[in-house]
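>>> What shape does this take:
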Amino acid sequence: MRRSRKVKILATLGPASSDKATIRKLFQAGADVFRINMSHTDHPSMEALVGRIREVEEELGRPIGILADLQGPKLRVGKFAEGAVPLQLGQVFTLDDDPAPGDSTRVHLPHPEILASVEAGDRLLIDDGKLQLKAVSSDGKAITCKVVAGNKISDKKGVSLPDTELPVGALTEKDRKDLDAVLAAGVDWVALSFIQRPEDLAEARKVARGRALILSKIEKPQAVARLAEIIELSDALMVARGDLGVEMPLEAVPGIQKQITRAARRAGKPVVVATQMLESMISAPVPTRAEVSDVATAVFEGADAIMLSAESAAGQYPVEAVATMNRIAERIERDPTYAGIINAQRSEPEATGADAISLAAREIAETLKLSAIVTYTASGTTGLRAARERPQVPIVALSPIVATARRLSLLWGTHCVVTPDATDLDDMVDRACRIAFQEGFAKPGDRVIITAGVPLRTPGSTNMLRIAYVGLEGGGNS
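You can find the predicted model right below:
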């Protein structure tokens, strides 16, 4: 199941793709990691999906990553007596703490934190920005607004606040219950929605205690403004362009995507580009040319993964959508301009021994045209450093810990293999060469470069490089 591309594909599961046969087809078509959206999945359904993914993993013999995406604080208006009401540009409209059904002049806003935080001049975007209000005044119990765009409002529509920082964390009571459930089920990654500040990650990290890695979804202006701090406390990032495009001008989103992708690459943290990448394939068997270019842009930027949402979760062509994304990525990575663009964005290594080893491994592998970089990693840190270099040759990450291999399945260019730890240096070289041969990365007579820590089984001690020849039956000698 060797992939012919380095960028990974993250596919969302849903009504169109929740059975085991479809999950298997999605993986065979190119999906590397599966996303479970907890906004639409209850705990028994989530546990069943995790079980089916693990069954496919066992049958195919390849580690598969699972990402659970928490809903986050969903802010919504209350209900209307008529279900929906028309509004006029320039009219006054009030959001207040009165639970009575709304009308053309007011509606209940069941979020006291918003009533207490919005100030005059702040924007309130309703229904993904279809209705735009501007606050004129607020007294903590009601926000008096002027309608500046849009002409209607209806029951339970979402509220976005691009100008207001709310004094609430990213985890709601539902999220806390969901977090406990997904950790108990053994997911590999947990995505946090609508984070505003680095402190929003603290509670999730405390609860997770290393049982899953934390991915921060960047979808609010407040998070963009504090990106460097959020990256430092995150294990990975997602450019969540859907809500980001609601809360910020649409024309700003492409530049922010590049900013986030490059910042994550500099920090050596995986980054996912998400939302509407092949949106037309929800109902059509082929994407638009613009969507193909959108996917290509993320691949050229060196994103670790590109994501499908409704295309694979609820669309009519889930397997075709994954296969199409796989073909696009493979073709872009063969493009003659690809290597030059990736190399131009490469960051300087940090002044650590492990970073120096990873840099040297890449340069040696590319100079000598070696077949692969084989890295031993228990915690996954060595794999992260190898991927940060974006080498032209494949990275084969060997780990005795299946959880580490599953987590690294999100990582650019990394082919993960679960294998018992080496007993000594000779076994390490032999095992690395044998696996590179068995997995299709090298043939007899080829050379690979091996990175590891000495003494063996010492986490964080990457300090050794070894060039080895692949023998006739896959064994190695250096």
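
>>> What's the separation between the residue most central in space within the chain and Lys8?
Closest to where the C-alpha atoms of the chain average out (CA atoms, centre = their mean) is Val272, at 3.9 Å. Between Val272 and Lys8 the distance is 8 Å, computed by CB to CB, to the nearest Å. For the C-beta atoms, the positions are set from N, CA and C on the backbone; glycine is no exception.

>>> which residues do the two both contact?
Counting by CB atoms under 8 Å, 6 or more residues apart in numbering, the residues touching both Val272 and Lys8 are 304-306, 410.

>>> mind listing which of the residues you listed are in strands?
305-306 (DSSP state E).

>>> which two in the shared contacts of Val272 and Lys8 are spaced the farthest apart?
Maximum pairwise distance in the shared contacts of Val272 and Lys8, criterion CB to CB, is 11.2 Å, between Ile306 and Leu410.

>>> Those two: which has the busier surroundings?
Per other CB atoms under 10 Å, whichever of Ile306 and Leu410 has more neighbours is Leu410, with 26 against 23.

>>> which ones are touching that one?
For Leu410, the set of contacting residues under the criterion of CB under 8 Å, 6+ apart consists of 8, 10, 32-33, 65, 67, 189, 236, 270, 272, 304-305.

>>> about what we covered before: find residues that contact each of Ile306 and Leu410.
When CB under 8 Å, 6+ apart defines a contact, the residues bordering Ile306 and Leu410 alike are 8, 10, 272.

>>> Compile the residues you listed into JSON lines and extend it with columns for distance to Ala21.
Rendered in JSON lines, the data for those read as follows (distance: CB to CB, whole Å):
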{"residue": "Lys8", "distance to Ala21": "22"}
{"residue": "Leu10", "distance to Ala21": "20"}
{"residue": "Val272", "distance to Ala21": "26"}
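
>>> Can you read off the backbone torsions of the residue nearest to Asp19 when sequence neighbours are not counted?
The spatial neighbour of Asp19 that comes closest, neighbours along the chain excluded (CB to CB, 6 or more residues apart in numbering), is Arg52 at 7.4 Å. Phi and psi for Arg52, reported as degrees, to the nearest 10, are phi -70, psi -40.

>>> again with Lys157
phi -70, psi 150.

>>> next one: Glu119
Main-chain torsions, Glu119, degrees, to the nearest 10: phi -120, psi 160.

>>> which residues touch the helix or strand Cys145 falls within?
Taking DSSP states H and E as the criterion, Cys145 maps to strand 142-149. Contacts made with strand 142-149 from outside it, assessed by CB under 8 Å, 6+ apart, are listed as 87-97, 106, 109, 114-115, 118, 124, 131-138.

>>> make it 6 Å
In this structure, residues lying in contact with strand 142-149 by CB atoms under 6 Å, 6 or more residues apart in numbering are 87, 89, 91, 93-96, 118, 132-137.

>>> What is the most widely separated pair among these?
Greatest spatial distance among these (CB to CB): Leu89 and Asp96, at 21.4 Å.

>>> For stretch 254-269, give the mean pLDDT please.
Predicted confidence along stretch 254-269 averages 95 (mean pLDDT).

>>> Low-confidence ranges, the protein, go.
Applying pLDDT under 70 to the chain picks out residues 456-461, 473-478.

>>> the domain parsing of it - what is it?
Taking automatic domain parsing as the reference, the chain has its domains at 8-72+169-332, 84-160, 353-477.

>>> Parallel or antiparallel, which strands does the strand holding Cys145 pair with?
Based on DSSP bridges, the strands next to strand 142-149 in the sheet, each with its direction, are strand 92-96 (antiparallel), strand 131-138 (antiparallel).
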